[in-house]
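Enquirer: just the structure for this:
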Amino acid sequence: MTTGFLRDQHFTTAWFGLVAFVWFGWAQEDPPRAWRGWLGPRSGLGVVIALGFGALTGLNRGEPTALEGRYGWFGLLVAVEVVAAGVGGLVLARRRASRWTAWWVAAVVAAHFPPLAVLLEDWAVAVVGFAQLALLCSLLPRLRGDGLPSSRLVGPVMGATLLLRAVVGAVAAVAR
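Expert: Next up, the predicted model:
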């Protein structure tokens with residue numbers, strides 16, 4: 001267990017499963033041929049985790065949460081994330097650099113995880129964010145050179161890290 005709050009554990013596991021599905025879906029924009037067969041099943045696993053742990057979140061709605069008294073900060077953090085991702089995407093589109101949108105959105109998402117970890121009192125969320133930022137930076141040389149949509153590489157990286165965290169969260173919650 002990475003947090004002492006069962007409800008939060010269920011919710012973050014469900015949420016990471018859902019967003020893994022989304023990132024694996026975005027990866028299907030222009031994947032290398034060899035990757036096409038494994039993107040769909042991993043998306044499916046993300047959905048299964050999201051549905052199962054979404055239901056558990058609902059069933060444990062009355063349990064305590066680390067966000068109690070911090071909902072305003074949580075809302076502000078999410079609002080900043082959404083605005084930063086959206087504005088960055090618009091700037092990239094206007095500069096005719098839309099191929100970088102997936103990378104930009106991924107960087108914003110990863111950067112919001114450390115402060116989210118503080119709010120959720122869950123250090124594993126910060127670990128995911130720092131790992132994603134490192135991986136995203138390591139992709140830059142290849143992305144600069146190939147001229148292809150960044151989703152080709154970013155989607156699988158984000159999907160895999162989020163799915164891994166969802167699976168670890170699921171195992172930890174079930175073991176509890």
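Enquirer: ok, Gly4 to Pro41 distance?
Expert: Per Cβ to Cβ, to the nearest Å, Gly4 is found 33 Å from Pro41. Using the backbone N, CA and C atoms, a C-beta is placed for each residue, glycine as well.
Enquirer: with Gly54 instead?
Expert: As judged by Cβ to Cβ, Gly54 and Pro41 stand 20 Å apart.
Enquirer: of those two, which one has the most company?
Expert: Gly54 (17 against 10; other Cβ atoms under 10 Å).
Enquirer: helices or strands up against the helix or strand containing that one?
Expert: Gly54 belongs to helix 36-59 when assigned by DSSP states H and E. Secondary-structure packing of helix 36-59 (3 or more Cβ pairs under 8 Å, 6 or more residues apart in numbering; DSSP states H and E): helix 6-27, helix 151-175.
Enquirer: next, the buried residues of that helix.
Expert: Buried residues in helix 36-59, defined by neighbour count with 16 or more other Cβ atoms under 10 Å: Leu39, Arg42, Ser43, Leu45, Gly46, Ile49, Ala50, Gly52, Phe53, Gly54, Leu56, Thr57.
Enquirer: one more: stretch 5-20?
Expert: 5-20.
Enquirer: stretch 25-39 now?
Expert: Of the residues in stretch 25-39, those buried (16+ other Cβ under 10 Å) are Gly25, Trp26, Ala27, Gln28, Pro31, Leu39.
Enquirer: could you give the separation of that stretch from the chain centroid?
Expert: How far stretch 25-39 lies from its chain's middle: 18 Å, per Cα atoms, centre = their mean, to the nearest Å.
Enquirer: kindly export that stretch (C-alpha atoms) in PDB.
Expert: Presented in PDB, the C-alpha positions along stretch 25-39 are these (Å, rounded to 0.1, in the frame of the first residue of the first chain):
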ATOM      1  CA  GLY A  25      -5.200   4.800 -27.400                       C
ATOM      2  CA  TRP A  26      -3.300   8.000 -28.400                       C
ATOM      3  CA  ALA A  27      -0.300   5.800 -29.100                       C
ATOM      4  CA  GLN A  28      -2.400   4.200 -31.800                       C
ATOM      5  CA  GLU A  29      -2.300   7.400 -33.900                       C
ATOM      6  CA  ASP A  30       0.800   6.200 -35.700                       C
ATOM      7  CA  PRO A  31       2.500   3.300 -34.000                       C
ATOM      8  CA  PRO A  32       5.400   1.300 -35.400                       C
ATOM      9  CA  ARG A  33       3.900  -1.900 -37.100                       C
ATOM     10  CA  ALA A  34       5.500  -4.200 -34.500                       C
ATOM     11  CA  TRP A  35       3.800  -2.400 -31.600                       C
ATOM     12  CA  ARG A  36       0.200  -2.500 -33.000                       C
ATOM     13  CA  GLY A  37      -0.600  -5.900 -31.600                       C
ATOM     14  CA  TRP A  38       0.100  -5.100 -27.900                       C
ATOM     15  CA  LEU A  39      -1.300  -1.600 -27.600                       C
END
